[in-house]
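Engineer: following is a predicted model, sequence given first.
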Amino acid sequence: MFRPVRGMKDLYGVSVNKYNFIIEQAKHVGAKYGYNIISTPLVEYTEVFQRSIGDETDVVSKEMYTFSDKGDESITLRPEGTAGIMRAIVSEGMTQSLPLKFMYYGEMFRYDRPQKGRYRQFHQLGFEHVGDKSPYTDALLIAMASEILGAIGVFDFKVLVNTLGDEETRKDYTKGLVKYLSRQEANLSDDSRRRLEKNPLRVLDSKDERDREICAMAPLISDYLSKESGQYFESVCELLAKCGVNYEIDNFLVRGLDYYSETAFEFKPTDFGVKDSFGGGGRYDHLLSVFGGPDVSGIGFAFGIERLMIMLDNSKFTSTPAKIAVIPVSEGETEAAFELVQLLYNCDIPAEFLHLGNVSKKMKVANRLECSIALILGEEELKNGTVTVKFMNAESGALKEKVVNRNGIINFLRHNI
Ligand code: HAM
């Protein structure tokens with residue numbers, strides 16, 4: 001028997017209901033804030049990710065699904081959505097229309113170690129606001145993210161915020177960090193020793209226990225902030241408080257992708273037993289120019305949809321819409337029942353045409369499908385131009401069955417479902 005590829009899941013039933021609910025709510029809130037939907041390809045040329053996310057990140061160095069296609073081009077299944085959107089803004093000639101606001105959702109791929117809430121194919125719901133830099137924009141984006149969480153019924157969360165500063169800040173900080181880490185070099189993992197040379201900031205997101213202990217004592221970016229970056233971050237925090245966002249400053253937050261600058265944030269459940277964040281994002285000052293666009297700043301975030309789904313209560317997502325079963329008693333009534341089900345569909349009434357097996361089998365199927373009404377057509381009904389309406393879940397004392405004229409059946413159903 002075939003199973004799905006490790007770390008990849010089939011979505012059906014409750015999961016699909018949750019997924020659709022999350023997207024619907026996000027579309028509603030996103031439209032209010034002026035975001036338009038964009039859908040970029042699942043694959044991009046590998047360089048799109050290498051150049052933007054950064055060669056020394058875990059995502060690029062360990063987790064990408066990269067292949068040579070039949071034309072010997074190196075292509076990669078997208079590990080995230082931001083890079084492809086920046087590429088699209090430039091290659092679709094949208095740079096004339098900046099600032100732009102995009103919402104996106106769909107499959108992402110990372111060759112990660114699978115566990116609860118961590119998959120190799122997963123889904124993100126993301127937002128990007130490109131071509132505008134101001135603490136107001138940052139605060140509104142984070143407030144919108146919080147509003148989406150409220151709309152799907154997630155309230156027990158915190159937004160951890162930090163600043164990664166501007167270029168000047170990161171240059172000074174990198175010097176300080178290298179000085180500190182070089183003293184500990186002998187105790188660092190091989191990966192971190194390499195990163196110390198190529199991209200020292202990435203040592204900070206090492207998962208190695210010893211590296212983490214060393215990094216816990218490392219200097220903080222907040223001690224190296226330029227005056228402008230310090231003020232910018234202060235304004236963002238003040239505005240977040242004004243928006244009523246439940247935020248907390250976390251000076252250790254660095255994010256795992258290279259393109260970030262200034263404001264960075266992550267969403268965590270307040271139950272800190274769950275260690276992974278279910279969303280994250282930040283500002284990126286030069287990402288569009290990497291793809292040949294103007295050097296304008298942007299900000300965005302993405303939620304992991306599977307991680308949001310874990311926080312939603314299954315019992316609220318099991319219901320199927322009120323359905324009507326159309327049941328011919330025997331072969332002789334099948335054609336009339338077929339016409340009846342077509343009539344229901346033409347009137348936008350959800351229905352099931354149950355024509356296989358004997359009546360008791362058809363009734364069993366109607367029960368399993370959780371149909372609330374069965375429309376039964378037998379010899380008698382055919383002769384009299386009627387339909388027997390059976391209320392499947394009628395409580396004792398309530399109407400269980402009613403014979404209705406076929407001409408009036410649509411009106412009757414409209415008043416009874
Ligand atoms: P990220 O933090 O790498 O950011 O991913 C965002 C979210 O995707 C995570 O918080 C997590 O919920 C989810 N996620 C990541 N990896 C997995 C996985 N293996 N399985 C399940 N869920 C996962 C980004 O991707 C940035 N593009 C966000 C962004 C948008 N920054 C600016 N704009």
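Structural biologist: Cool, got the structure.

Engineer: let me see the ranges of the strands in the stretch 101-250 of the chain.
Structural biologist: 121-130, 157-163, 247-249 (DSSP state E, counting those that start in this stretch).

Engineer: quick one: contacts of the longest helix along the chain?
Structural biologist: In the chain, taking DSSP state H as the definition, the longest helix is helix 14-32. By Cβ atoms under 8 Å, 6 or more residues apart in numbering, the list of residues contacting helix 14-32 from outside reads 9, 11, 37, 103, 105, 123, 125, 127, 144, 147-148, 151-152, 305, 308-309, 312, 314, 317-318. (Each C-beta comes from the backbone N, C-alpha and C, glycine too.)

Engineer: mind giving me the ChimeraX select for those residues, buried ones only?
Structural biologist: The buried residues among the contacts of helix 14-32 can be selected in ChimeraX (16 or more other Cβ atoms under 10 Å) with this line:
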select :103,105,123,125,127,144,147,148,152,305,308,309,312,317
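
Engineer: show me the chain divided up by domain.
Structural biologist: 14-166+226-315, 320-414 (automatic domain parsing).

Engineer: which one of these lies closest to the ligand?
Structural biologist: Judged by Cβ to the nearest ligand atom, the one of the domains of the chain that comes nearest to the ligand is domain 14-166+226-315, at 2.3 Å.

Engineer: gap between the closest one and the chain center?
Structural biologist: Distance, stretch centre to chain centre, for domain 14-166+226-315: 10 Å (Cα atoms, centre = their mean, to the nearest Å).

Engineer: tell me the mean pLDDT over that domain?
Structural biologist: Mean pLDDT, taken over the full extent of domain 14-166+226-315, equals 96.

Engineer: which parts of the stretch 51-200 of the chain sit against the ligand?
Structural biologist: Residues of the stretch 51-200 of the chain found near the ligand, taking Cβ under 6 Å from any ligand atom as the criterion, are 80-82, 110, 112, 117-119, 122, 124, 126, 128.

Engineer: pull out the buried members of those.
Structural biologist: Burial by neighbour count, 16+ other Cβ under 10 Å: within these this picks out 80-82, 110, 112, 117, 119, 122, 124, 126, 128.

Engineer: need the nearest residue in space to Val154, chain neighbours excluded.
Structural biologist: With Cβ to Cβ, 6 or more residues apart in numbering as the criterion, Val154 has its nearest non-adjacent residue at 5.1 Å, and that residue is Met311.

Engineer: same check on Asp156?
Structural biologist: Thr270 (4.5 Å).

Engineer: got a list of what that neighbour touches?
Structural biologist: If a contact means Cβ under 8 Å, 6+ apart, then Thr270 has 156-158 as its contacts.

Engineer: dump the residue contacts of Leu287.
Structural biologist: Contact criterion Cβ under 8 Å, 6+ apart gives 52, 82-83, 86, 259, 298 as the residues in contact with Leu287.

Engineer: repeat that for 10 Å
Structural biologist: For Leu287, the set of contacting residues under the criterion of Cβ atoms under 10 Å, 6 or more residues apart in numbering consists of 51-53, 82-83, 85-86, 89, 128, 130, 257-261, 293, 295-298, 300.

Engineer: show only the entries of those residues found in strands.
Structural biologist: 128, 130, 261, 298, 300 (DSSP state E).

Engineer: run through the bridge partners of the first one.
Structural biologist: Think Glu128. Under the criterion DSSP bridges, Glu128 forms beta bridges with Phe102, Gly300.

Engineer: returning to that earlier point: I'd say the residue nearest to Val154 and Lys268 touch.
Structural biologist: No: between Met311 and Lys268 no contact is recorded; they are 11.2 Å apart, counting by Cβ atoms under 10 Å.

Engineer: about what we covered before: highest neighbour count among the contacts of Thr270?
Structural biologist: The most crowded member of the contacts of Thr270 is Phe157, carrying 20 neighbours; neighbours defined as other Cβ atoms under 10 Å.

Engineer: how far off centre is the helix or strand harbouring Leu413?
Structural biologist: Applying DSSP states H and E as the criterion places Leu413 in helix 409-416. With Cα atoms, centre = their mean as the basis, helix 409-416 stands 39 Å off its chain's centre.

Engineer: for it, buried residues please.
Structural biologist: 409, 412-413.

Engineer: can you list contacts of that helix?
Structural biologist: In this structure, residues lying in contact with helix 409-416 by Cβ under 10 Å, 6+ apart are 322, 324, 340, 343-344, 346-347, 349, 351, 372-373, 375, 386-387, 389, 391, 399, 402, 404-405.

Engineer: try 7 Å
Structural biologist: Taking Cβ atoms under 7 Å, 6 or more residues apart in numbering as the criterion, the residues outside helix 409-416 that touch it are 324, 347, 349, 387, 389, 404.

Engineer: neighbours of the closest residue to Phe353 other than its chain neighbours, how many?
Structural biologist: With Cβ to Cβ, 6+ apart as the measure, Val341 is the residue that lies nearest to Phe353, at 4.3 Å, once sequence neighbours are left out. Counted by other Cβ under 10 Å, the residues lying close to Val341 total 21.

Engineer: now the one helix or strand Val341 maps to: buried residues?
Structural biologist: Mapping Val341 onto the secondary structure by DSSP H and E places it in helix 334-346. Along helix 334-346, the positions that meet the burial threshold by neighbour count (16+ other Cβ under 10 Å) are 336-337, 340-341, 344.

Engineer: how far off centre is the helix or strand following it?
Structural biologist: Next along the chain after helix 334-346, taking DSSP H and E as the criterion, comes strand 351-353. For strand 351-353, the distance between its averaged C-alpha position and the chain's averaged C-alpha position is 33 Å (Cα atoms, centre = their mean).

Engineer: got the CA positions of the next helix or strand after strand 351-353 in PDB?
Structural biologist: Per DSSP H and E, the first helix or strand lying C-terminal to strand 351-353 is helix 359-368. Output of helix 359-368 as PDB, limited to C-alpha atoms (Å, rounded to 0.1, in the frame of the first residue of the first chain):
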ATOM      1  CA  VAL A 359     -34.800   1.200   0.300                       C
ATOM      2  CA  SER A 360     -33.300   0.200   3.600                       C
ATOM      3  CA  LYS A 361     -29.800   0.500   2.200                       C
ATOM      4  CA  LYS A 362     -30.600   3.900   0.700                       C
ATOM      5  CA  MET A 363     -32.000   5.100   4.100                       C
ATOM      6  CA  LYS A 364     -28.800   3.900   5.800                       C
ATOM      7  CA  VAL A 365     -26.700   5.900   3.400                       C
ATOM      8  CA  ALA A 366     -28.800   8.900   3.900                       C
ATOM      9  CA  ASN A 367     -28.200   8.600   7.700                       C
ATOM     10  CA  ARG A 368     -24.500   8.200   7.200                       C
END
